[in-house]
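Participant: based on what follows, work out the 3D shape:
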Amino acid sequence: MSELDWQKSSFSGDQANCVEVRIGAGLVEIRESDDGDVILRTTPDALASLLRTIKAGALDHHA
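Facilitator: Here you go, the predicted model:
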């Protein structure tokens, strides 16, 4: 995977610091653009499960 593969989140708009993602070799990689050396790697299925959980509000806890 090359640096050209990174895609900026559509929610970031014109901001310089944003979440970036790329897919390759069976993995999804996620990083913050302002700290590009730190990369979270996961499988597409695990990421999809996390996103479904977030969208369902299952992680929303209010004190």
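
Participant: ok, for W6, nearest residue in space, not its chain neighbours?
Facilitator: E20 (4.4 Å; CB to CB, 6 or more residues apart in numbering). (C-beta placed from N, C-alpha, C; glycine too.)

Participant: how much space between F11 and V19?
Facilitator: 8 Å (CB to CB, to the nearest Å).

Participant: the more surrounded of the two?
Facilitator: In terms of neighbours (other CB atoms under 10 Å), V19 is the more surrounded of F11 and V19; the figures are 15 against 8.

Participant: nearest spatial neighbour of that one, chain-adjacent residues omitted?
Facilitator: S9 (4.3 Å).

Participant: C18 too?
Facilitator: S12 (3.2 Å).

Participant: who does the helix or strand bottoming out on mean pLDDT in the chain pair up with?
Facilitator: Lowest on mean pLDDT, DSSP states H and E among the helices and strands of the chain sits strand 7-8, with a mean of 88. Paired strands of strand 7-8, with direction, are strand 19-24 (antiparallel) (DSSP bridges).

Participant: now the angle from the next helix or strand after the strand it pairs with to strand 19-24?
Facilitator: Counting by DSSP states H and E, the next helix or strand C-terminal to strand 19-24 is strand 27-32. If you take axes from the mean of the first three to the mean of the last three CA atoms, to 10 degrees, strand 27-32 sits at 160 degrees to strand 19-24.
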